[in-house]
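*Asks:* Make a model of this:
(chains A, B and C)
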Amino acid sequence: MTGSSLLSVDTVLKAFGGLVAVNDVSFTVKQSELIGLIGPNGSGKTTMMNLISGALKPTSGTIRLNGEAISGLPAHEISRRGVARTFQLVRILPSLSAIENVIAGAVFGHVRAWGDDAYREAEVLLDRVGLGGRGGAPTGSMTYIDQKRLELARALASNPRLLLLDEWLAGLNPSELKIGIELIRDLREDGRTIIMVEHVMDAIRSLCDRCVVMSSGVKIADGSVHDVLAQPEVISAYLGADDA
Amino acid sequence: MSLIKETEQRTGGIALLLFGAAALIPLADDGYYLSMAVNIAMYAVLCTAWTLFSGPTHYVSLATAAFFGVGTYSVGLGIDTLPFPLLIAIAAVASSILAGLVGLATLRLSGVYFVIFTLGLAELVRQVVTWLQVNFVGSVGLYVFTDLTEAHIFWMLLALAALVYVTGWLVNRSRLGFAMRIIGNDETVARHVGIDVARSKVILFMISGAFIGITGAILAPRFAYVEPPSAFNPVISFQVVIMALLGGTGRLWAPLLGVIPFTILFDQISANFPNYTSLLIGIAFMAIVYYLPRGVIGLVDDIRMRQTKRHEHAAGVPEAAE
Amino acid sequence: MDILVTGTVLGGTYALIALGLTLQYGVARIMNLANGENLVLACFCAFWLHTAASINPIIGIALIAPGAFVLNWLIYAYGMRPLVDRAKNRGQLEIDSILATFGLMFIMQGVMLLVFGGGYFSYNFLSEPVRIMGENYGLNRIVALIAAVVIAAALYGFLYRTRYGTAVRAVAVNPASASLVAIDVPRMSAFAFALGGGLTAAGGALLSTFYTFNASMGVIFTMKALIIVIMGGVGDVRGAVLAALLLGLAETAVATLIDPGLTLAATYTLFILVLLFRPQGIFGRQTA
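*Replies:* Model prediction:
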């Protein structure tokens, strides 16, 4: 594989009291790579995302962005270093208009635009995610997919070096799913580095270069999507040991 | 975004006219009505400064009396040696430092901690000041003799009020104001778009605290004799909360809608039924929570919305009744 | 030694008040800022029972605590319940309940001021001295401490050894899950709120036997109780008792060794230390 590693996760462990949610997990993500983080429910994927974005601090281990340690930094510092994310349960800012929601991503983070620049950039992004011309719309009445689009536009507004998508495709109907997958494919063509936590296997197969599989807090596989999904550990993790 | 909108120009014009008219009050009367005007101007500044912070953050601050007292004391301690304008600057700095310290200790945590901390803050500062005075100065009170009349105090307060409004307007247009709106919506999102949530809150609290401190400093000559129980009177904190919530915290000028009626009412009650002031404050709190949760401005908005709806209705489908 | 005994007595009374508040806030999720007024009201009731009907305040608790229980049940049912139903989230409820109980605080204070005036009250009850380890202490203080210990132990037994008590604790941990295992959450909340009020009133009745009180001192007690609750960890009974003792000792030490006018400064110093280093409480676990 080519390209330098943008993100490296090194023996990271996160414990909540006695419960170890992420247990000594290591992996790297290279520049412009799109990797899928998959695994059964409760395997620690979202915790891993929270550790990278700074919503949680690892109990031990280090996370590096471009060689610089970011683990332990507060979320806003990590955001300023170029990590942006969407949330598993979509989080829109309800009292702000759609375009203000997008601008919010551009003002305080990795890029620090303000005024007309931020506004113009936000319009471009709204257009890109398929919400062109709806900047003034109140966000409360938006459909689920539109809220997800808006959240993606907000994440993109900071021009992130690393984009974390936490089940961004979950809950979409088949036709919306198609649009969603196309949108992510577009981002990949642009050369964005993306980690996506996902249950939609079709999306993983068609989008990801590589896949990291977690089960009960441990990394059980890491490699190309085709290889990984054929591994017996992965199959048994998903289907239960008896079926393997 | 960078230009001043037409509606803003109009609001500014109206505000200028109102301020001009208010500035004439001391020429008309220098007794009861002027004193009432001073009270209203004082609470207008206090409530607007309070709303500047507590409006967007939803943190109920009861620290007003502490900042106010720090301002009054700055003047009381320095009036014999330093010029008044310098003392006002000192008051601003001292109270914003106090606000900064309180903010650093509490604003990382949930709102309850903040309320509790500020609830006793005025009493704490009062105890410490009294102790320092008794042990190191020897006397508890301070005399403040100046040539400043009630009219001067009123004009200073009016100028300060203008400054608070302009500051509030500028903050709302700034990154800080935008950050506060995002924080008010969802703190988790705020952090993940790169906002240092705690720092933004502390800065805003310091701005608000500085204005309250200045108000205390301006009012110091009115007291003539400054002592801890009067300077750090905790009732001020509660009155400010009531008036601001009564008016509404959604807009910069909304607290004024609570300040004017409540100041007059409170003045009447405390003049005629001095034993009933606690009861009045209690009932006011209850009334706001149960009947006016968004303040007078919320009521006005509701009525306005209903009217436009009715207009649309009338224009669209002709209804039998009415 | 003197500091130790006096501080423990004060701490024991604080503990009852704080336990009352921690039930109200930890279980019913209402930050009751009128709790101090509830305490002062109990002081006045004990005073009145003692002077007018010459009822021993310790026995008076048997009347005062149930009375406060009923009063607080009514406050919850008619005052707080509508706010709970209306609130969209916990933050909203927090603000509403703080403001409403502020109102309640001023109303109760206002009524007591009208009835009793602003003066200080106290009465003589068991004020003969007893000698403990070479020093004299008022018998009333020692009796108050013993009564506080008995009441706190009874509460502990109830919460940790009975089914009903376990249900109350379950609501404290997670109301949503508690309702899934067929616990009537609204009923438990009302019960905990009322029980908290009863405990605080018991603390007030004990306090009145050795403390000079007046109609407007409630807010200081509310604040101390709040600080104790936070120090101990919200809803944590052991933490509240330990924090109360700590605070009682610290205050007495500062009052004796430095200046009686600086007790609040002592309280705040402890408070700030807790906020900076253990905001989740002394025994609290770090949460995600």
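*Asks:* hey, which helix is longest across the chain?
*Replies:* In the absence of a named chain, this looks at chain A. helix A:174-189 (DSSP state H).
*Asks:* Actually, chain C is the one I wanted.
*Replies:* The single longest helix within chain C, with elements called by DSSP H, is helix C:90-116.
*Asks:* Just list what it packs against, helices and strands only.
*Replies:* Contact analysis of helix C:90-116 by 3 or more Cβ pairs under 8 Å, 6 or more residues apart in numbering or on different chains; DSSP states H and E lists helix B:111-132, helix B:235-247, helix B:277-291, helix C:35-52, helix C:81-86, helix C:218-232 as its packing neighbours. Glycine gets a C-beta too; all of them are placed from N, C-alpha and C.
*Asks:* Any idea which of those helices gets closest to B:Gly12?
*Replies:* Proximity to B:Gly12 (Cβ to Cβ) singles out helix B:235-247 among the helices and strands packed on helix C:90-116, at 20.0 Å.
*Asks:* the inter-axis angle of the closest one versus helix B:277-291?
*Replies:* Following axes from the mean of the first three to the mean of the last three Cα atoms, to 10 degrees, one obtains 30 degrees for the angle between helix B:235-247 and helix B:277-291.
*Asks:* And helix B:235-247, what's buried?
*Replies:* By neighbour count on 16 or more other Cβ atoms under 10 Å in any protein chain shown, the buried set for helix B:235-247 is B:236-247.
*Asks:* Can you tell me what sits against it?
*Replies:* B:43, B:46-48, B:50-51, B:54-55, B:60-66, B:68, B:118, B:122, B:254-259, B:261-263, B:266, B:277, B:281, B:284-285, B:288, B:292, B:295-297, C:99, C:102, C:106 (Cβ atoms under 8 Å, 6 or more residues apart in numbering or on different chains).
*Asks:* Only whichever of these are buried, select them in ChimeraX.
*Replies:* Those of the contacts of helix B:235-247 that count as buried under 16+ other Cβ under 10 Å are selected in ChimeraX with:
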select /B:43,46,47,48,50,51,54,55,60,61,62,63,64,65,66,68,118,122,254,255,256,257,258,259,262,263,266,277,281,284,285,288,292,295,296,297 /C:99,102,106
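*Asks:* Take the contacts of helix B:235-247 and keep only those in helices.
*Replies:* Judged by DSSP H, the contacts of helix B:235-247 include B:43, B:46-48, B:50-51, B:54-55, B:64-66, B:68, B:118, B:122, B:255-259, B:261-263, B:266, B:277, B:281, B:284-285, B:288, B:295-297, C:99, C:102, C:106 as members of helices.
*Asks:* and the nearest residue to A:Ile181 once chain neighbours are set aside, how far is that from chain C?
*Replies:* Of all residues not flanking A:Ile181 in the chain, A:Ala203 sits nearest, at 5.3 Å (Cβ to Cβ, 6 or more residues apart in numbering or on different chains). Distance of A:Ala203 to chain C, given as Cβ to the nearest Cβ, to the nearest Å: 28 Å.
*Asks:* Please report the distance of the residue lying closest to C:Ile75 once chain neighbours are set aside from B:Ile242.
*Replies:* Excluding its sequence neighbours, the residue lying closest to C:Ile75 (Cβ to Cβ, 6+ apart) is C:Leu104, at 7.0 Å. With distances taken as Cβ to Cβ, to the nearest Å, C:Leu104 is found 14 Å from B:Ile242.
*Asks:* again with A:Asp186
*Replies:* 54 Å.
*Asks:* Show the end-to-end separation of stretch A:96-112, please.
*Replies:* Taking Cα to Cα, to the nearest Å, stretch A:96-112 runs 19 Å from one end to the other.
*Asks:* Quickly check: that stretch near chain B or not.
*Replies:* Yes. Under the criterion of Cβ under 8 Å from any Cβ of the partner chain, chain B is reached by stretch A:96-112 at A:96, A:100, A:103-105, A:107-110.
*Asks:* before we move on, what SS does the closest residue to chain A within the stretch 51-200 of chain C have?
*Replies:* Closest to chain A within the stretch 51-200 of chain C is C:Lys88: 11.2 Å, counting by Cβ to the nearest Cβ. The three-state label given to C:Lys88 by DSSP: H, G, I helix; E, B strand; the rest coil is coil.
*Asks:* Same question for B:Ile4.
*Replies:* Per three-state DSSP, B:Ile4 ends up coil.
*Asks:* Listing request: residues of chain B with sub-threshold pLDDT.
*Replies:* B:1-3, B:312-322 (pLDDT under 70).
*Asks:* Is A:Gly130 in contact with A:Ile179, as I believe?
*Replies:* Yes. A:Gly130 is within contact range of A:Ile179, at 7.0 Å (criterion: Cβ atoms under 8 Å).
*Asks:* residues from the stretch 51-200 of chain C in reach of chain B?
*Replies:* Counting by Cβ under 8 Å from any Cβ, the stretch 51-200 of chain C sits next to chain B at C:82-83, C:91, C:94-96, C:98-100, C:102-111, C:113-114.
*Asks:* Kindly format the C-alpha coordinates of the helix or strand containing C:Ala240 as CSV.
*Replies:* For C:Ala240, the host element (DSSP states H and E) is helix C:237-257. Taking Å, rounded to 0.1, in the frame of the first residue of the first chain, the C-alpha atoms of helix C:237-257 are listed here in CSV:
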residue,chain,number,x,y,z
VAL,C,237,-26.2,8.3,51.4
ARG,C,238,-22.8,7.4,52.8
GLY,C,239,-21.2,10.2,50.9
ALA,C,240,-23.6,12.8,52.2
VAL,C,241,-23.0,11.7,55.8
LEU,C,242,-19.3,11.8,55.5
ALA,C,243,-19.3,15.1,53.7
ALA,C,244,-21.7,16.6,56.4
LEU,C,245,-19.3,15.5,59.1
LEU,C,246,-16.4,16.9,57.2
LEU,C,247,-18.1,20.2,56.7
GLY,C,248,-19.3,20.4,60.3
LEU,C,249,-15.7,19.8,61.5
ALA,C,250,-14.2,22.3,59.0
GLU,C,251,-16.6,25.0,60.0
THR,C,252,-16.1,24.5,63.7
ALA,C,253,-12.4,24.5,63.3
VAL,C,254,-12.4,27.7,61.3
ALA,C,255,-14.9,29.4,63.7
THR,C,256,-12.8,28.4,66.7
LEU,C,257,-9.3,28.9,65.4
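*Asks:* pretty sure C:Gly165 is in contact with C:Phe158, am I right?
*Replies:* Yes. Counting by Cβ under 8 Å, C:Phe158 is a contact partner of C:Gly165 at 4.5 Å.
*Asks:* re earlier: which secondary structure elements does the helix holding C:Ala240 sit against?
*Replies:* Helix C:237-257 packs on helix C:2-26, helix C:139-161, helix C:218-232, helix C:263-277, going by 3+ Cβ pairs under 8 Å, 6+ apart.
*Asks:* Now do it against helix C:2-26, angle only.
*Replies:* Angle between the axes of helix C:237-257 and helix C:2-26 is 140 degrees (criterion: the same axes, to 10 degrees).
*Asks:* can you pull the buried residues of helix C:237-257?
*Replies:* C:237, C:239-255.
*Asks:* and A:Gly130 and A:Ile179? which has more neighbours close in?
*Replies:* Neighbours were counted for A:Gly130 and for A:Ile179 using other Cβ atoms under 10 Å in any protein chain shown; A:Gly130 has more, 16 against 13.
*Asks:* Can you tell me the closest non-neighbouring residue to that one?
*Replies:* Nearest to A:Gly130 is A:Arg149, by Cβ to Cβ, 6+ apart, at 5.8 Å.
*Asks:* any idea of the pLDDT on the one you found?
*Replies:* Per-residue pLDDT puts A:Arg149 at 90.
*Asks:* Which secondary structure elements does the one helix or strand it maps to sit against?
*Replies:* For A:Arg149, the enclosing helix or strand under DSSP H and E is helix A:144-157. In terms of contacts (3+ Cβ pairs under 8 Å, 6+ apart), helix A:144-157 is packed against strand A:83-85, helix A:98-107, helix A:116-128, strand A:162-166, helix A:174-189.
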